[in-house]
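>>> Build me a structure from this.
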Amino acid sequence: MHVLLIVALACLTWMAYAAAWVFEDAAKARQDSDQGRSRRFETQAQVLRRLTQSIVVVVGIVAIIGTFEVARQAMTTVLASAGVISVIFGLAAQQTLGNVFAGLQLATTDAIRVDDIVVVDDEQGTIEEITLTYVVMRTWDDRRLILPSTHFTENPFANWTRGG
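Predicted coordinates for the structure are as follows:
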């Protein structure tokens, strides 16, 4: 029965992970009529899908581990000291968390979108991908410049695609 429960939890996690792709594709299909709004929505949908998938995987792993009695007892001890652990984790992961929040900010404020032409630190290129932690820019000579998301929130850049 325990193995069956683990398999069921793994299947549910996989289904929720795959559902994020389905919702992103359905949302993109609805937005195809307006090109400018579609690119903005595509960028936001990508970031939100990745965030959702990350949360689903973490919850699924915790649920599977929680099926073991020894792990439940260990998690109870860890949760009892969660306040101290979260402060230590927050200080240790400050730069990573800053990049995650910057990625969310880029996706929601519409500062850059996928396929925008930008100039960053004297490099001109096209935005290919925006994730929670980094942005991939294809330069004019087909190089890929990978910048942390905080670079776009802390430094000035020119976006030649923006109209207004």
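
>>> For the helix or strand where His151 lies, what is the distance to the chain centroid?
Here His151 is covered by helix 149-154, with elements defined by DSSP states H and E. In terms of CA atoms, centre = their mean, to the nearest Å, the centre of helix 149-154 is found 15 Å from the chain centre.

>>> The next helix or strand after it pairs with which strands?
Under the assignment DSSP H and E, the closest C-terminal helix or strand after helix 149-154 is strand 158-159. Under the criterion DSSP bridges, strand 158-159 sits next to strand 117-120 (antiparallel) in its sheet.

>>> number of nearby residues for Glu154?
Glu154 has 10 neighbouring residues, counting by other CB atoms under 10 Å. Heads up, the C-betas are built off the backbone N, CA and C, glycines and all.

>>> average pLDDT for stretch 144-159?
Per-residue confidence for stretch 144-159 averages out to 90 on the pLDDT scale.

>>> what's the straight distance from one end of that stretch to the other?
From its first residue to its last, stretch 144-159 covers 17 Å (CA to CA, to the nearest Å).

>>> Many thanks, we can stop here.
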